[in-house]
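*Asks:* Just need the structure, nothing else, for what follows:
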Amino acid sequence: MRQGLIFGGLAFCAGAVLGPVRELLLAPRLGGIPAAWLEAAAMAVLLWLAAGLVLRPPLTNGERAVVAGVALAVVLLAEAALGLILQAAAPSRAPRGFAEQLPGLLLLAWLLALPFLRRRR
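*Replies:* Numbers count the residues shown, from 1 in each chain. Reported below is the predicted structural model:
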């Protein structure tokens, strides 16, 4: 469970840093969809590295499932809380369309898969 909390916290922190970079620097220059895919590529690498740091063998598949589930819960809860805070601070922001949200959804699947894919020796 501790590993899932750490993995989820690292994933959220990486997104909290890269999200403003996407919104403030990349999206105005490249457009929302290319910016979202660039952020997703960086996030995929950072998640891979974070999983390598956090996952300590030996872990059973059940333990890996707990790590993945806890990490996903941490990310979703932290994202929801941050979303509420930002919505209160900047209510005029236009919502992102599905094409712009797709990379983030794929990253959540990547987050769930990494505890099973990343096996430190």
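*Asks:* so how far is the longest helix along the chain off the chain centroid?
*Replies:* Longest helix in the chain by number of residues, with DSSP state H as the criterion: helix 61-89. Taking C-alpha atoms, centre = their mean, to the nearest Å, the mean C-alpha location of helix 61-89 is offset from the chain mean by 9 Å.
*Asks:* now do stretch 39-49
*Replies:* 8 Å.
*Asks:* buried set for that stretch?
*Replies:* Using 16 or more other C-beta atoms under 10 Å as the burial criterion, the residues of stretch 39-49 that qualify are 39-40, 42-44, 46-47. From N, CA and C alone the C-beta is placed, and that goes for glycine too.
*Asks:* Could you dump these into CSV with distance to residue 64, secondary structure and pLDDT added?
*Replies:* What follows is the buried residues of stretch 39-49, written out as CSV (distance: C-beta to C-beta, whole Å; DSSP: H, G, I helix; E, B strand; the rest coil; pLDDT from 0 to 100):
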residue, distance to residue 64, secondary structure, pLDDT
39, 26, helix, 97
40, 23, helix, 97
42, 24, helix, 98
43, 20, helix, 98
44, 19, helix, 98
46, 19, helix, 98
47, 15, helix, 98
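*Asks:* ok, back up a step: list the helices and strands the longest helix of the chain packs on?
*Replies:* helix 2-20, helix 98-117 (3 or more C-beta pairs under 8 Å, 6 or more residues apart in numbering; DSSP states H and E).
*Asks:* what about 10 Å?
*Replies:* Under the contact definition 3 or more C-beta pairs under 10 Å, 6 or more residues apart in numbering; DSSP states H and E, helix 61-89 sits against helix 2-20, helix 32-54, helix 98-117.
*Asks:* Just tell me which of the ones you listed ends up closest to residue 76.
*Replies:* helix 98-117 (7.9 Å; C-beta to C-beta).
*Asks:* any idea how far stretch 17-31 is from the chain center?
*Replies:* That offset, for stretch 17-31, works out to 16 Å (C-alpha atoms, centre = their mean).
*Asks:* hang on, the earlier thing: relative to residue 70, which of the helices and strands packed on helix 61-89 is closest?
*Replies:* It's helix 2-20; of the helices and strands packed on helix 61-89, that one is closest to residue 70 (C-beta to C-beta) at 2.7 Å.
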